[in-house]
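Participant: Sequence first, then the predicted structure:
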Amino acid sequence: DTGVSQNPRHKITKRGQNVTFRCDPISEHNRLYWYRQTLGQGPEFLTYFQNEAQLEKSRLLSDRFSAERPKGSFSTLEIQRTEQGDSAMYLCASVPIPGQGAIRQYFGPGTRLTVL
Amino acid sequence: AQSVTQLDSQVPVFEEAPVELRCNYSSSVSVYLFWYVQYPNQGLQLLLKYLSGSTLVESINGFEAEFNKSQTSFHLRKPSVHISDTAEYFCAVSANTGGFKTIFGAGTRLFVKA
């Protein structure tokens, strides 16, 4: 168990550029979640996958955001035409097959995005 | 839908003093409750969780939280804090009706002074 990994850890970009983040969940965890954490706030849910299916998207996820999990393993989160308001920590979490014994989410270290 | 309210944004306390971080939640269905801790420049770590059974849950580093269904609260306590407990603490809920996604409170910054 190597934990959830996220890359890159930090990303600085200029407004209007596209960025893509990657999350590698714990092996065999079939649910994967994305959250966004802005300064001084708790993480906010963005979207989640069960295997390769995206089952829910938050209203926070505008049309500029897209997430994929093509093979049910790693996931990518892309932000197009970044805005300064997109500056935040983007967190990924994974969970084994859901059930009462598998509710706890394992979080990655996050990708900190700064949009200049 | 669920929501979480952490009643204090900052809690300053002297070392070796007791502390309570307050958390209230709102939900129309049964929930699972969590406290996460985030040390400066680090990721979220699970501190403790309530899934079912005993309403008092404990962590390995001396924190405890009590689930109170009638008051919809899950306050976090520690009888004697250390400087190293300085961190941001997040209360969170999850429910199987929401795909087990986690809803977090805004956080409470615990600042332990010498």
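Facilitator: In hand now; what should we look at?
Participant: mind listing what whichever residue of chain B sits closest to chain A touches?
Facilitator: Chain A sits closest to residue B:104 of chain B, with a gap of 3.4 Å, by CB to the nearest CB. C-beta here means a position set from N, CA and C on the backbone, and glycine is covered the same way. Residue B:104 sits next to A:35, A:42-44, B:4, B:36, B:90-92 when contact means CB atoms under 8 Å, 6 or more residues apart in numbering or on different chains.
Participant: Going by neighbour count, which of the residues you listed are buried?
Facilitator: Buried members of the contacts of residue B:104, scored by 16 or more other CB atoms under 10 Å in any protein chain shown, are A:35, A:42-44, B:4, B:36, B:90-92.
Participant: between those, which is nearest residue B:43?
Facilitator: residue B:36 (9.5 Å; CB to CB).
Participant: next helix or strand past the strand or helix carrying that closest one?
Facilitator: Using DSSP states H and E, residue B:36 falls within strand B:32-38. The helix or strand immediately downstream of strand B:32-38 is strand B:44-50, counting by DSSP H and E.
Participant: Quick check: which helices or strands does that next one pack against?
Facilitator: Contact analysis of strand B:44-50 by 3 or more CB pairs under 8 Å, 6 or more residues apart in numbering or on different chains; DSSP states H and E lists strand B:32-38, strand B:56-58, strand B:64-68, strand B:73-78 as its packing neighbours.
Participant: contact partners of the shortest one?
Facilitator: Residues from elsewhere that reach strand B:56-58 (CB under 8 Å, 6+ apart): B:48-50, B:64-67.
Participant: Pull out the buried positions in the helix or strand of chain B with the lowest mean pLDDT.
Facilitator: Least confident helix or strand, chain B: strand B:56-58 with a mean of 89, by mean pLDDT, DSSP states H and E. For strand B:56-58, a neighbour-count test (16+ other CB under 10 Å) marks residue B:57 as buried.
Participant: Can you list the strands that that strand pairs with?
Facilitator: Paired strands of strand B:56-58, with direction, are strand B:64-68 (antiparallel) (DSSP bridges).
Participant: and chain B, which residues reach chain A?
Facilitator: B:4, B:6, B:32, B:34, B:36, B:42-46, B:49, B:51-52, B:90, B:92, B:94, B:96, B:98-107 (CB under 8 Å from any CB of the partner chain).
Participant: Fine by me, thanks again.
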